[in-house]
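> Structure of the sequence below:
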Amino acid sequence: QPNSVAADITAKDVTIINTAVSPGRIYNGGTAADITDIGTISGAVDGDDLSIISGTAYYDNKNVGTGKMVTFSAFALSGTDADNYNLVSQPASVTADITAREVTIGGVTVEGSKTYDGTTDAKITNAGTLSENFDGDNLVIVIGKASYDNKNVGAGKTVSFTDFALSGSEAGNYKLIAQPTDVTADITVKEITIIGAAVEPSRIYDGTTDAKITNAGMPSDNYDGENLVVAIGSASYDNKNVGTGKTVNFTDFALSGSEAGNYKLVAQPTDITADITVKEIKIIGAEVEASKIYDGNTDAKITASGTFDGLIDGDDVTIVTGKAAYDDKNVGTDKTITFTGFDLAGDDAANYLLSSQPVSTTASITPKELTITDLKVKDKQYDGKNTAEIDGTPTLVGVVDGDELELVNGVPTFDSVTIGKDIPLSFTAFTLS
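Numbers count the residues shown, from 1 in each chain. Predicted coordinates:
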């Protein structure tokens, strides 16, 4: 036989085929792909003890996408015959998908209570956190809105969220599948006052404290227009009496309208001031004595002070009787009499003004009767006649002091021409001057 010679046996080149990965996975912030089949060796000699040591698979990047390139590395050969083979390359690249990570937002909170403001807006106090986040600050919550189920006052009201979203450089790898879960909060009544309430600036005394409201005012805050109105109460002076700058208080004002339940009136309108002016009254029915005897003056005797025209029932006002005077002192019939000095008295007198003195009336002054004293006649001798002669100066009795009045003597006549003593006489033609 030929002599033995030397030669080499070199390793046989083989490849790995049909390596596979999961067709898709959910985004997790990494590039690793899940190998589902390590494949088979292409080129191995039948019967050799040769197997595959699985390596790793990686997407070309971590981001969501379809048909993304997946490459393999660190694959190797194993088995007793592995040294006879050379793995010439890693398994061929494949493609697979990364789908978005579905997330929710938890822990969102709102202000536990708000004062009624006519809107459904709720104030978000905590934007919450994401159920999963593989990217830290590169994935953030875009704060949306929070709204009560309605605008009205209530406790434990449902608050729902809208327009929450995701932002940041990695937001495309996530999907927000729901808005934050509803929470509950309260809407409390809006405390308001009434401004601009007004009363008539002045009124005439009427015995009451009532003040006339000219303007009901308006709510200090009103988010509901004509659906919130002021229910007018009443206004009262601090007392019934005449005065300026008197305090006027309001009571029984309230709120009305379909939206009144969302408000609370915390005070009545603020006190204001107004005036009460005096009430003018008259005295009617004042009377005087129908006639008087001449007495040298104009005084007339009042027989009735009259009554009030315009006095409010129950008020304590009385008539201070004044004076009455004829137009002159002289005798006459139906002479005009005027009144002066009448006034008001009593606890309520200051609330009235006597608008005029009582209306003039008429009465008569009759002549004053006088008498004559010291009237004497002289004795005489019989002459057949009844003539007589006054002896001395007779005097008038009853003349008013200060009056200028003289007696014009008349004619005395004996009642008989016969001689005798203490013969009666008659007087005629006496007059005054």
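> only C-alpha atoms for contact and neighbour calcs from this point on.
Fine.
> Give me the neighbour count for the closest residue to A178 other than its chain neighbours.
Leaving aside its chain neighbours, A178 sits nearest to T104 (6.1 Å; criterion: CA to CA, 6 or more residues apart in numbering). For T104, the neighbour count with other CA atoms under 10 Å is 17.
> my guess is G128 contacts T104, does it?
No. Counting by CA atoms under 8 Å, G128 stays clear of T104, with 9.8 Å between them.
> Now do the buried residues in stretch 83-94.
85, 87, 90-91, 94 (16 or more other CA atoms under 10 Å).
> What of stretch 307-326?
Buried, per 16+ other CA under 10 Å, within stretch 307-326: 308, 311-312, 317-319, 321, 324-326.
> One more: stretch 258-273?
Buried residues in stretch 258-273, defined by neighbour count with 16+ other CA under 10 Å: 259-260, 262-263, 265, 268-269, 272-273.
> what's the closest of the residues you listed to T80?
Comparing the buried residues of stretch 258-273 against T80 with CA to CA places N262 closest, at 87.7 Å.
> Can you verify my assumption that that closest one contacts Y116?
Yes. Counting by CA under 8 Å, Y116 is a contact partner of N262 at 6.4 Å.
> Common neighbours of the two, please.
Residues within reach of N262 and of Y116 at once, by CA atoms under 8 Å, 6 or more residues apart in numbering, are 152-153, 188-190.
> Format the buried residues of stretch 83-94 as JSON lines; extra columns: pLDDT.
Below are these laid out as JSON lines (pLDDT from 0 to 100):
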{"residue": "Y85", "pLDDT": "97"}
{"residue": "L87", "pLDDT": "97"}
{"residue": "Q90", "pLDDT": "98"}
{"residue": "P91", "pLDDT": "98"}
{"residue": "V94", "pLDDT": "98"}
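> Can you add distance to T36 and secondary structure and give those residues back as a markdown table?
Output for these, formatted as a markdown table (distance: CA to CA, whole Å; DSSP: H, G, I helix; E, B strand; the rest coil):
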| residue | distance to T36 | secondary structure |
| --- | --- | --- |
| Y85 | 24 | strand |
| L87 | 21 | strand |
| Q90 | 16 | coil |
| P91 | 13 | coil |
| V94 | 12 | strand |
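> N138: which of these is nearest?
Using CA to CA, the buried residues of stretch 83-94 come closest to N138 at V94, 29.2 Å.
> Next, the contact list for that closest one, please.
20-21, 69-71.
> Return the distance of it relative to G43.
21 Å (CA to CA, to the nearest Å).
> same thing with I143?
From I143 to G43 the distance is 60 Å (CA to CA).
> Looking at the two, which is more packed in?
Per other CA under 10 Å, whichever of I143 and G43 has more neighbours is I143, with 18 against 13.
> Quick check: nearest residue in space to the more buried one, chain neighbours excluded?
That would be F164: by CA to CA, 6+ apart, it lies 5.2 Å from I143.
> Correct me if wrong: that neighbour contacts V142.
Yes. F164 is within contact range of V142, at 5.6 Å (criterion: CA under 8 Å).
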